[in-house]
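Give me the fold of what follows.
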Amino acid sequence: MNQDEFDSTVERRQRHVAIRDAAQKEIDEITPVLSTELVLAGEKARPSGEWNVTLVDQTRTSLSKEKLLEAGVPMEVIEKATVKTPTTSLRVARRGK
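Predicted coordinates:
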């Protein structure tokens, strides 16, 4: 891939990122409206055309290093039980002009 093709691909990616971000902004504005409607109607779910709209209650759990230390778990044990997963991601940032 030559530099022009690379530059064109970066620009195409960034256009799609902007479209995605605009769509996410709309989703973030619409979601609480639908959630509020279900809550006010006292419903957990409601059909809408080909969609089922459902309020899902969930609780996420995670371990707290601080609480483990407070409970007397040695830092060495916490460090031995820590899983590290390396990842590589692509960051595209606008250059300063």
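
Show me where this structure has its strands.
Using DSSP state E, the strands of the chain run over residues 45-48, 51-54.

so which of those gets nearest Ser35?
For these, the distance to Ser35 is smallest for strand 51-54, at 9.0 Å, taking CB to CB. Placement of C-beta: from N, CA and C, glycine included.

Could you tell me which other helices and strands that closest one packs against?
Using 3 or more CB pairs under 8 Å, 6 or more residues apart in numbering; DSSP states H and E as the contact test, the elements touching strand 51-54 are strand 45-48.

Please identify the pairing partners of the strand it packs on and their relative orientation?
Sheet pairing for strand 45-48, assigned by DSSP bridges, gives strand 51-54 (antiparallel).

What is the distance between the strand it pairs with and the centre of its chain?
Strand 51-54 sits 21 Å away from the centroid of its parent chain (CA atoms, centre = their mean, to the nearest Å).

For it, give me every contacting residue.
The list of residues contacting strand 51-54 from outside it, by CB atoms under 8 Å, 6 or more residues apart in numbering, reads 34, 38, 44-47.

and those, which are buried?
Among these, not one counts as buried by 16 or more other CB atoms under 10 Å.

Run through the helices of this protein in chain order.
3-40, 65-70, 75-80 (DSSP state H).

got JSON lines for the ones you listed, with distance to Asp57 and mean pLDDT too?
What follows is these, written out as JSON lines (distance: least, CB to CB, whole Å; pLDDT from 0 to 100):
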{"stretch": "helix 3-40", "distance to Asp57": "11", "mean pLDDT": "97"}
{"stretch": "helix 65-70", "distance to Asp57": "24", "mean pLDDT": "96"}
{"stretch": "helix 75-80", "distance to Asp57": "30", "mean pLDDT": "95"}
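
which one of the contacts of strand 51-54 is nearest Ala22?
So of the contacts of strand 51-54, ranked by how close each gets to Ala22 (CB to CB), first place is Leu34, at 19.0 Å.

what's near enough to touch that closest one?
Contacts of Leu34 (CB under 8 Å, 6+ apart): Val53.

centroid residue for this structure?
Computing the C-alpha centroid of the chain and ranking residues by CA atoms, centre = their mean puts Gln24 first, at 10.7 Å.
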